[in-house]
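**Student:** sequence first, predicted coordinates after that:
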Amino acid sequence: MLDLKLVDHQWTIFLDRDGVINFEKENDYVLNKNEFVFYPGAAEAIGIFSKLFMYIIIVTNQRGIGKGLMTEDDLVDIHSYMLASIREAGGRIDKIYHCSSLMDNDPMRKPNPGMALSAKKDFPKIDFSKSIMVGNRVSDMEFGRNAGMHTVFLATTHPDVKLPHPAIDLSFNNLASFAKALHLK
């Protein structure tokens, strides 16, 4: 179980992107920066995280690239826009990892832990027992569990997930409400 009072500067937060930081398109992909719309308070929430966590990592499945609906350059453009807005809100992202594979068994595709292992390789101080995965899908929670992390579920797009759930430590309505809970701890 995750006790928010234990979270300090030695911890890392892993964030899913679509449905966590920005609105997820129903049955479609965010294909360009014009389609990327932050959830209210999400950029400011990352500003709060920036004061608390050692590392802030985004891990995102991006099948739209694998399907040929967008390019790697499109994704870079989206992320440049997102990062600039987060910086304006006083936040930072240390690195973004994505998987464009169409194969569910790809080690980099959530819920497989490949992106977490890549982050650990790039940032050796990451301790998965002092890490939190924040996502809006059970597969995000399973990714966290598969890497040995704590998990926080956001009920932004799948509010019907039954709680308690073995893969979910805590649940919040959105990223801003989770940041507020951390801020008030």
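**Tutor:** Good, I have the coordinates.

**Student:** so what strands line up beside the lengthiest strand in the chain?
**Tutor:** Scanning the chain for the longest strand, with DSSP state E as the assignment, gives strand 55-61. If you go by DSSP bridges, strand 55-61 pairs up with strand 12-15 (parallel), strand 95-99 (parallel).

**Student:** ok, residue 37 touching residue 24?
**Tutor:** No. The pair residue 37 / residue 24 is not scored as a contact, 9.9 Å apart, by C-beta atoms under 8 Å. (C-beta placed from N, C-alpha, C; glycine too.)

**Student:** strands of this protein, start to end?
**Tutor:** Under the criterion DSSP E, the chain contains strands at 12-15, 55-61, 95-99, 131-135, 150-154, 170-172.

**Student:** rewinding a little: so residue 37 and residue 24 - more neighbours on which side?
**Tutor:** residue 24 (21 against 13; other C-beta atoms under 10 Å).

**Student:** wait, which of the strands paired with strand 55-61 is closest to residue 134?
**Tutor:** With C-beta to C-beta as the criterion, residue 134 lies closest to strand 12-15 of the strands paired with strand 55-61, at 5.1 Å.

**Student:** returning to that earlier point: just put the strands of the chain in JSON lines and tack on mean pLDDT.
**Tutor:** Listed next are the strands of the chain as JSON lines, based on pLDDT from 0 to 100:
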{"stretch": "strand 12-15", "mean pLDDT": "98"}
{"stretch": "strand 55-61", "mean pLDDT": "98"}
{"stretch": "strand 95-99", "mean pLDDT": "98"}
{"stretch": "strand 131-135", "mean pLDDT": "98"}
{"stretch": "strand 150-154", "mean pLDDT": "98"}
{"stretch": "strand 170-172", "mean pLDDT": "98"}
